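1. missing the sequence, but the structure's below:
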């Protein structure tokens, strides 16, 4: 049994509501990440750009909710981290301990899901970027077309050598 040398301050009645809001925000963020994934797979750059703007807003919202939760824990005399939350649930959550523990576990699961989806999208973006970089490198290294120019009469010139008229394919 753990003894507490101090009497922890109760966390406000809205603390459970704040955690529920954080769960809902993570769930909405995961939905947004699924939308981003679909746009990435479809190659819909406009949709990816729209999602990126919304993602930035949602990350700010999630940050604010987390900071509010951590501040409430610190105000109650606990560390503002996961360990502090676990201690608060064990020592100070009162008769709602089961409900709050379930809510906390839902928050951890929602955050883990969002992280996994974000990692998936990041890997897809990295793979696309690597492909694009390789394609650009291949185009740049191809000396065959490095010195292509078009003359005033429409003929191609390769390294100063006259080529065919473009209309004579």
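-> Perfect, I can see it now. No experiment lies behind these values; they were computed from the predicted model shown.
2. in this structure, which segments are predicted with low confidence?
-> For the chain, applying pLDDT under 70 flags the ranges 1-13, 142-151, 156-169.
3. show me where it has helices.
-> Taking DSSP state H as the criterion, the chain contains helices spanning 15-42, 45-75, 82-91, 97-141.
4. Which one of these lies nearest to residue 155?
-> Distances from residue 155 to each of these were compared using Cβ to Cβ; the shortest belongs to helix 97-141, at 22.8 Å. Where C-beta positions appear, they are placed from N, C-alpha and C, glycine not excepted.
5. now the closest one and helix 45-75, what's the angle there?
-> Taking axes from the mean of the first three to the mean of the last three Cα atoms, to 10 degrees, one finds that helix 97-141 is oriented at 140 degrees with respect to helix 45-75.
6. Helix 97-141 relative to helix 82-91, how many degrees between them?
-> Angular relation of helix 97-141 and helix 82-91 on a 0 to 180 degree scale: 160 degrees, by the same axes, to 10 degrees.
7. roughly how far is helix 97-141 from the heart of the chain?
-> The chain centre lies 6 Å from the centre of helix 97-141; the measure is Cα atoms, centre = their mean, to the nearest Å.
8. and if you look at stretch 80-92?
-> The gap between where stretch 80-92 is centred and where its chain is centred comes out at 27 Å by Cα atoms, centre = their mean.
9. do stretch 24-38 as well
-> On Cα atoms, centre = their mean, the centre of stretch 24-38 falls 9 Å from the chain's centre.
10. cool, and stretch 22-32?
-> With Cα atoms, centre = their mean as the basis, the distance from the averaged C-alpha position of stretch 22-32 to the chain average is 11 Å.
11. got the buried residues for it?
-> Residues 22-23, 25-26, 28-30, 32 are the ones in stretch 22-32 that count as buried (16 or more other Cβ atoms under 10 Å).
12. I am finished for the moment; much appreciated.
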